[in-house]
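# Just a sequence and a predicted model for now, questions to come.
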Amino acid sequence: MSTDLHFDQIRLPPECDALRQEVRAFLAEEVAAGTFMPDRPGHGDSHNRAFSKRVGAKGWIGMTWPKKYGGQERSFLERYVVTEEFRVANAPVRLHFVADRQSGPILLKYAPEHIKQDILPRICRGELCFVIGMSEPGSGSDLFAAKTKATKADGGWRINGTKIWTSNAHVADYMLGLFRTSPPTKENRRHGLTQFLVDMKSPGMTVNPIYQMTGQHDFNEVVFNDTFVPDDHVLGEIDGAWKQATSELAYERSGPERFLETYYVLAELVRALGPNPDLRSAEGLGRLVAQLHTLRRMSISVAGMLQAGQEPVVEASIVKDVGTIWEQKLPERVRDLSAFLAPEAGNRVTLDEQIAFALKVAPKLTIQGGTTEILRGIIARGLGLR
């Protein structure tokens, strides 16, 4: 069955312009106070609880959620503006970002009311960090190959197995995990997966770090050894979580963070080239900016579809696929364009440091949020090509 592909020409409404100025003023104050340095690579992946709480106090976490759970009932387009400005500024949003982007919406849809009342307001206040437990050793982004088991027990479930590439697990308060509760069937290999809310302080959990080439600690391996999860932490339909997981990934894969993770090298290149770049540099820079503008229009379009209550899984997968490949290649393109810069360029040292860091970060970008191969399978299936 094929899916109609839409990227509507959505324009940001006037209220987004006013919000953008407010966010920029807030970030300028944080930079002036020494909270973070926009030109230092890696700050955007930092965990800063005090900063997240200040963001929560501004009402910029859970912006689209109902007010009774601590949200602001604002639009997805307004949330897009906040995300974009924070990512461009390289602000330390890692602690609250996953909870804001995708975990909260899943809890809104599927969690019991008492859990919503307890957890969602704390997310909105910037107090909680979430981790996504989907990938496993040997299966990667193929969610339906998951083998980590949740076995029914008295009053809940016992989990045994391993999740991998779990960003934030070493600092997270909760995990939204996808576990096998029944075997898949020949007719439907998607059958048998259930989504759970897991308290990261539960006995029987071990978090092992996976370090990147940059020396940063972001990814982890999480091992479950008879970890107990109560019945009221089951989210949605038992054995039918594949629908929930694909819906969740529409939130994860379509935002501006999927093409702005190495943006700082482009901004620094612009500063290094100055107002009168040579023809070669101007042409190369123009191509990069045009590509960035196209990705931005696509991402805003998906935000508009989410605002309309749609689930643009295929469109979100396209944004993630094209966007992460672009941001992965960006450091190399910037390095090429900066090759003939004068050594005395004012920010040459900063630019070289950023390029070196971004080149080490780049390999992970097409893994997190779903590998390119898996994404293209989703796109092909959605277009009726497989």
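Right, received. Where do you want to start?
# Tell me, please, where in the stretch 201-350 of the chain the pLDDT is lower than the cut-off.
245-253, 343-346 (pLDDT under 70).
# hey, where'd the strands end up in it?
For the stretch 201-350 of the chain, applying DSSP state E, counting those that start in this stretch gives strands covering 205-211, 217-230, 234-235.
# Save the ones you listed as CSV, and put in distance to His114 too.
Where C-beta positions appear, they are placed from N, C-alpha and C, glycine not excepted. Formatted as CSV, these follow (distance: least, Cβ to Cβ, whole Å):
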stretch, distance to His114
strand 205-211, 23
strand 217-230, 12
strand 234-235, 14
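# Out of those, which gets nearest to Glu30?
Closest approach to Glu30 among the strands of the stretch 201-350 of the chain (Cβ to Cβ): strand 217-230, 21.8 Å.
# So which bits of stretch 21-31 are buried?
Neighbour counts over stretch 21-31 (16 or more other Cβ atoms under 10 Å) mark 23, 26-27, 30-31 as buried.
# domain parsing for the protein?
Here the domain parsing of the chain from automatic domain parsing is 14-128, 132-240, 253-382.
# wait, which of those is closest to Leu5?
domain 253-382 (6.4 Å).
# and the closest one, how far out from the chain's middle?
Relative to the mean C-alpha coordinate of its chain, domain 253-382 is positioned 15 Å out (Cα atoms, centre = their mean, to the nearest Å).
# List the contacts of stretch 18-26.
58, 60, 78, 81-82, 85-86 (Cβ atoms under 8 Å, 6 or more residues apart in numbering).
# Among those, name the ones in helices.
78, 81-82, 85-86 (DSSP state H).
# need the contact list for Gly56.
96, 124-127.
# Could you check which helix or strand contains it?
helix 49-57 (DSSP states H and E).
# tell me how far that helix is from the chain's mean position?
Centroid separation between helix 49-57 and its chain, computed with Cα atoms, centre = their mean, is 18 Å.
# I'd like the mean pLDDT over that helix, please.
In this model, helix 49-57 has a mean pLDDT of 97.
# Could you shift the numbering so residue one becomes 22, and keep it that way?
Okay, using 22 as the starting number, the last item reads as helix 70-78.
# Report the buried residues of that helix.
By neighbour count on 16+ other Cβ under 10 Å, the buried set for helix 70-78 is 72-73, 75-77.
# Equivalent analysis for stretch 331-342, please.
Across stretch 331-342, burial judged by 16+ other Cβ under 10 Å covers 332-342.
# Which single one of the contacts of Gly77 is nearest to Phe378?
Nearest to Phe378 among these, with distances taken as Cβ to Cβ, is His117, at 23.4 Å.
# which helices and strands sit right next to the helix or strand encompassing Lys381?
In this structure, Lys381 sits in helix 369-382 according to DSSP H and E. Here helix 369-382 touches helix 284-294, helix 334-358, going by 3 or more Cβ pairs under 8 Å, 6 or more residues apart in numbering; DSSP states H and E.
# got the CA positions of it in PDB?
Presented in PDB, the C-alpha positions along helix 369-382 are these (Å, rounded to 0.1, in the frame of the first residue of the first chain):
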ATOM      1  CA  ARG A 369      40.900  30.400  12.000                       C
ATOM      2  CA  VAL A 370      41.900  28.500  15.200                       C
ATOM      3  CA  THR A 371      38.300  28.200  16.400                       C
ATOM      4  CA  LEU A 372      37.200  27.000  12.900                       C
ATOM      5  CA  ASP A 373      39.900  24.400  12.700                       C
ATOM      6  CA  GLU A 374      39.000  23.100  16.200                       C
ATOM      7  CA  GLN A 375      35.300  22.900  15.300                       C
ATOM      8  CA  ILE A 376      36.000  21.000  12.000                       C
ATOM      9  CA  ALA A 377      38.200  18.500  13.900                       C
ATOM     10  CA  PHE A 378      35.500  17.900  16.500                       C
ATOM     11  CA  ALA A 379      32.700  17.700  13.900                       C
ATOM     12  CA  LEU A 380      34.600  15.200  11.800                       C
ATOM     13  CA  LYS A 381      34.800  12.900  14.800                       C
ATOM     14  CA  VAL A 382      31.100  13.300  15.700                       C
END
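# Okay, buried residues for the helix or strand following that helix please.
Note on helix 369-382: by DSSP H and E, the next helix or strand toward the C-terminus is helix 393-403. Going by neighbour count (16+ other Cβ under 10 Å), the buried part of helix 393-403 is 393, 395-400, 402-403.
# Considering the residues you listed, which member attains the minimum pLDDT?
Per-residue pLDDT puts Ile395 lowest of the buried residues of helix 393-403, at 74.
# for the protein, longest helix please?
helix 300-328.
# what angle do it and helix 334-358 make?
Angle, helix 300-328 to helix 334-358, by axes from the mean of the first three to the mean of the last three Cα atoms, to 10 degrees: 160 degrees.
# Does anything pack onto helix 300-328? Which helices or strands?
Right, helix 300-328 is packed against helix 97-109, helix 263-273, helix 284-294, helix 334-358 by 3+ Cβ pairs under 8 Å, 6+ apart.
# Relative to Arg308, which of the ones you listed is closest?
helix 334-358 (8.4 Å).
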